[in-house]
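Peer 1: Sequence and predicted structure, then a few things I'm wondering about:
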Amino acid sequence: MVADPGRSPAATSNKSRLASALKADGDLKLVGYMMAGHPNRKRSIEVGKRLATSGIAALEIGIPFSDPLADGPVIQHAGQTALEHGMTVGGALEIAAAVASEGVPVVLMTYINPILAHDPRRFAAEAAQAGVAGVIVPDLPVEESEPVVGWLRSTSLDTIFLVAPTTSEDRVESICSHSTGFVYCVTLTGVTGARKELPDGMKDMLATVRRHTSLPVAAGFGISRPEHMKALRGSADAAVVGSAIVSEIDRGGDPTTLVKELLKACR
Amino acid sequence: MIARSALTHPVDGRFGTFGGQYVPETLMGALVELERVWHETKADGQFQLELAGHRHAFIGRPTPIYAATRLAEHFGGAHIHLKREDLCHTGAHKLNNAVGQALLAMRMGKKRVIAETGAGQHGVATATVCARFGLECTVYMGGEDMRRQSMNVRRMKLLGAEVVEVKSGTRTLKDAISEAIRDWVTNVETTYYIIGSVVGPHPYPEMVRDLQRVIGDERG
């Protein structure tokens, strides 16, 4: 059954900064990703501020966790480096606040364990205080989402859930109705990390998700190249680029060069 | 305080405050299917008969109990009885679970099995059942554990399993589990993940519990 978008919580969040920032307006929108505290606190704030003003529509900031089971080698390494340099949830929220002050919508991405360890109610309050727009928790399926999502919503944070290629259509409906801000489509069956080509079934999945939501639909995982942007135009509202940006940061380069190249392909 | 019923029967995939399904969405469909198939399978008399046959002829059950009188004397007269799970084939209770889950993997039409292992006993048990039933086997093991338990690594390889060294994090069991889950996230449509302990997302803790209760059922 197709969800009635008029009754889903998604449609009621008209004030969502994310929903308006990510809706494609002819151009595909680009969402960046960086790991808080990678390679260290100081440089992470510098890079975050540069990314914030590079033309991206939103920036995901990862909070490092010791067991990131949805992440491939690049983001695992970034998280481990950040943890070795003493990064914490509190420290990551400070970085998020500094980056959000540049005006870009910031989305925190982390696992459920650090949120529970920090105390979800306190996490929600501090994230909202830091000017964060929304939260993505890749190991929190909709069935497990309460009470954490309740705390996040109570402070007006958007809660973004993920749809995977293995998700059945009835689950798509439930995931869309639990999401606010945007819906995140995992393009491939696997973990994060740049891939050469995107899977064949991707467009069908994006179309299925669109039937169940009026929110912007972002595609992520594996996306790293200008030709991927071209492939997503018209199917997705936004593309999330993570590992490719983190690789640039890791080798000490300027990730905004890659962002500019990708943005050209979004138009 | 956890209610006793919550300790014996999971409610919504939880044992009291423990349990749940904290995994990427990619695996949710597979877990829902696994729970359905496990409940159907454990109620199937034909399966129980088959399992009993493998327990007897392959694992070597029932395992004996004997009174460790000298140990009892050493500790000042307590009654100490040992249930000899070390006499199971492969030398540990791990095979009780691995046999049951391998039968389930075949029932679900999966030809590739993955597992995590710490000291190596579950890895050896899984490599053994895969050799027994003709399943492809990959075992994830922390680099630190591989160094400490090199004999078990050799056994797994002799049994035809591929042993993948996990170099992330603390290079021990929890990192091996994370790496096995990453493999499963990537290959979920063709692969069955045999978890060896009462850990991981529901229904794994319930399945491992159900398959190990044979030790207690043999009492008396």
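Peer 2: That came in fine, so what should we check first?
Peer 1: avg pLDDT for the longest strand along chain A?
Peer 2: Here the longest strand in chain A is taken by residue count, with DSSP state E as the criterion, and it is strand A:29-35. Model confidence over strand A:29-35 averages 98 on the pLDDT scale.
Peer 1: Now A:Val163: phi and psi?
Peer 2: Comment: the main-chain dihedrals of A:Val163 come out as phi -110, psi 140, following degrees, to the nearest 10.
Peer 1: Hmm, I typed the wrong one, I wanted B:Pro203.
Peer 2: The phi and psi torsions at B:Pro203 (degrees, to the nearest 10) take the values phi -100, psi 10.
Peer 1: re the thing from before, which helices and strands does the helix or strand following the longest strand of chain A pack with?
Peer 2: Toward the C-terminal end, the helix or strand that comes next after strand A:29-35 (DSSP states H and E) is helix A:41-52. Using 3 or more Cβ pairs under 8 Å, 6 or more residues apart in numbering or on different chains; DSSP states H and E as the contact criterion, the secondary-structure elements in contact with helix A:41-52 are strand A:29-35, strand A:58-62, helix A:89-100, helix A:243-250, helix A:255-266. (Each C-beta comes from the backbone N, C-alpha and C, glycine too.)
Peer 1: now the ones you listed as JSON lines including distance to B:Pro205 and mean neighbour count?
Peer 2: Formatted as JSON lines, the entries for the helices and strands packed on helix A:41-52 read as follows, by distance: least, Cβ to Cβ, whole Å; neighbours: other Cβ atoms under 10 Å in any protein chain shown:
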{"stretch": "strand A:29-35", "distance to B:Pro205": "32", "mean neighbour count": "27"}
{"stretch": "strand A:58-62", "distance to B:Pro205": "29", "mean neighbour count": "26"}
{"stretch": "helix A:89-100", "distance to B:Pro205": "28", "mean neighbour count": "21"}
{"stretch": "helix A:243-250", "distance to B:Pro205": "33", "mean neighbour count": "22"}
{"stretch": "helix A:255-266", "distance to B:Pro205": "42", "mean neighbour count": "18"}
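Peer 1: List the residues that contact the residue nearest the centre of chain B.
Peer 2: Geometric centre of chain B, nearest residue: B:Gly196, 2.6 Å, by Cα atoms, centre = their mean. Counting by Cβ atoms under 8 Å, 6 or more residues apart in numbering or on different chains, B:Gly196 makes contact with B:94, B:97-98, B:115-117, B:121-122, B:125-126, B:208.
Peer 1: Distance to chain B for the helices and strands packed on helix A:41-52 - can I get that in CSV?
Peer 2: Written out in CSV, the entries for these read as follows (distance: least, Cβ to the nearest Cβ, whole Å):
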stretch, distance to chain B
strand A:29-35, 15
strand A:58-62, 15
helix A:89-100, 17
helix A:243-250, 14
helix A:255-266, 24
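Peer 1: For residue 79, give me its contacts.
Peer 2: Looking at chain A here, since you left the chain open. Contact partners of A:Gly79, counting by Cβ under 8 Å, 6+ apart, are A:35, A:38, A:62, A:64-66, A:68, A:71.
Peer 1: I was thinking of chain B, sorry if that wasn't clear
Peer 2: By Cβ under 8 Å, 6+ apart, B:His79 lies in contact with B:67, B:72.
Peer 1: roughly how far apart are it and B:Tyr66?
Peer 2: Summarising the geometry, the distance separating B:His79 from B:Tyr66, computed by Cβ to Cβ, to the nearest Å, is 12 Å.
Peer 1: what's the following helix or strand after the helix or strand of chain B with the lowest mean pLDDT?
Peer 2: When the helices and strands of chain B are compared on mean pLDDT, DSSP states H and E, helix B:4-8 comes out lowest with a mean of 55. Stepping forward along the backbone from helix B:4-8, the first helix or strand reached (DSSP H and E) is strand B:14-15.
Peer 1: Is any residue of that following strand near chain A?
Peer 2: No - judged by Cβ under 8 Å from any Cβ of the partner chain, strand B:14-15 stays clear of chain A, getting no closer than 9.9 Å.
Peer 1: Now do that strand, average pLDDT.
Peer 2: Strand B:14-15 shows a mean pLDDT of 90 in the predicted model.
Peer 1: just stretch B:77-92 next, same as before
Peer 2: For stretch B:77-92, the per-residue pLDDT averages 95.
Peer 1: Would you mind measuring from B:Lys157 to chain A?
Peer 2: For B:Lys157, the distance to chain A (Cβ to the nearest Cβ, to the nearest Å) stands at 24 Å.
Peer 1: number of nearby residues for that residue?
Peer 2: By the criterion of other Cβ atoms under 10 Å in any protein chain shown, B:Lys157 has 13 neighbours.
Peer 1: Give me the three-state assignment for the spatially closest residue to it that is not a sequence neighbour.
Peer 2: Take B:Lys157 and drop its neighbours on the chain: the residue closest to it by Cβ to Cβ, 6 or more residues apart in numbering or on different chains is B:Val163, 6.1 Å away. B:Val163 carries the three-state label strand when classified by DSSP: H, G, I helix; E, B strand; the rest coil.
Peer 1: So which residues on chain A come close to chain B?
Peer 2: Of all the residues in chain A, those in contact range of chain B (Cβ under 8 Å from any Cβ) are A:66-70, A:72, A:76, A:80, A:112-113, A:138-141, A:143-144, A:161-168, A:171, A:175, A:186, A:189-191.
Peer 1: Helices - which of those land there?
Peer 2: Members of the residues of chain A next to chain B lying in helices (criterion: DSSP state H): A:76, A:80, A:112-113, A:171, A:175.
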